[in-house]
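Sequence plus the predicted model coming up.
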Amino acid sequence: MTVDSRRGVPSRHGVHGDPRYPSPRRLRRATAFAIDWLLHIGVAIGVSAVCEAFPELTPWSFAAAVSSWIAVSFVHRTVLQSVFHTTAGKALCGLCILKSDGSWPRFGFLTKWWVIGAFSTVLVAFSGAGGDSDEEDDWFPPVVRLRDVRRLHVT
């Protein structure tokens, strides 16, 4: 972690130990992820159920579920998050996403990270690898407490 020697704060916003974002957020991030994942998979299950209800669509049930899961995930994590700076899960947990310079991410940035997240999820699933430390989270765009962002903008 690079530190700005003039102010004693990390050069990247929201990294582990950044005093600008002191509120604990690890459990909130895990909860937000679970909520978002359940939302995405819930839509996929619903689409699959609709396909199963119509005999002519039954063969397409699995493909419709997978494609709807991907579509909902993409729209939720890129389009909506570029407008509101949060997903449904993050909003319920009081979190938002930032770029490492502290600015709000735009659609292109979020799309890049959605693709990276999709590939890393597949790699973790197939390799069985995966870490669970705050320092590893520093590689991804920062997810911080919204109240800390508001406090920073007030002062």
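Received it, and whenever you're ready, just let me know what you need. Numbering: from 1, shown residues only.

tell me which residues of the top helix by length along the chain are tucked away?
For the chain, the helix with the greatest residue count under DSSP state H is helix 26-53. By 16 or more other Cβ atoms under 10 Å, the buried positions in helix 26-53 come out as 28-29, 32, 35-36, 39-40, 43-44, 47-48, 51. In this view, the C-beta of every residue, glycine as well, is placed from N, C-alpha and C.

ok, now stretch 53-73?
For stretch 53-73, by 16+ other Cβ under 10 Å, it's 61, 64-65, 68-69, 72-73.

for stretch 88-96, same thing?
88-91, 93-96.

Among those, which lie within strands?
Residues of those located in strands (DSSP state E): 95-96.

Now do stretch 25-44: distance to the chain's middle.
Distance of stretch 25-44 from the chain centroid (Cα atoms, centre = their mean, to the nearest Å) equals 9 Å.

Kindly list the single helix or strand of the chain that scores lowest on mean pLDDT.
The least trusted helix or strand in the chain, going by mean pLDDT, DSSP states H and E, turns out to be strand 3-4, with a mean of 48.

After that one, which helix or strand is next?
Scanning forward in sequence from strand 3-4 by DSSP states H and E, the next helix or strand is strand 9-10.

strands paired with that following strand, and their directions?
Paired neighbours of strand 9-10 in the sheet (DSSP bridges): strand 3-4 (antiparallel).
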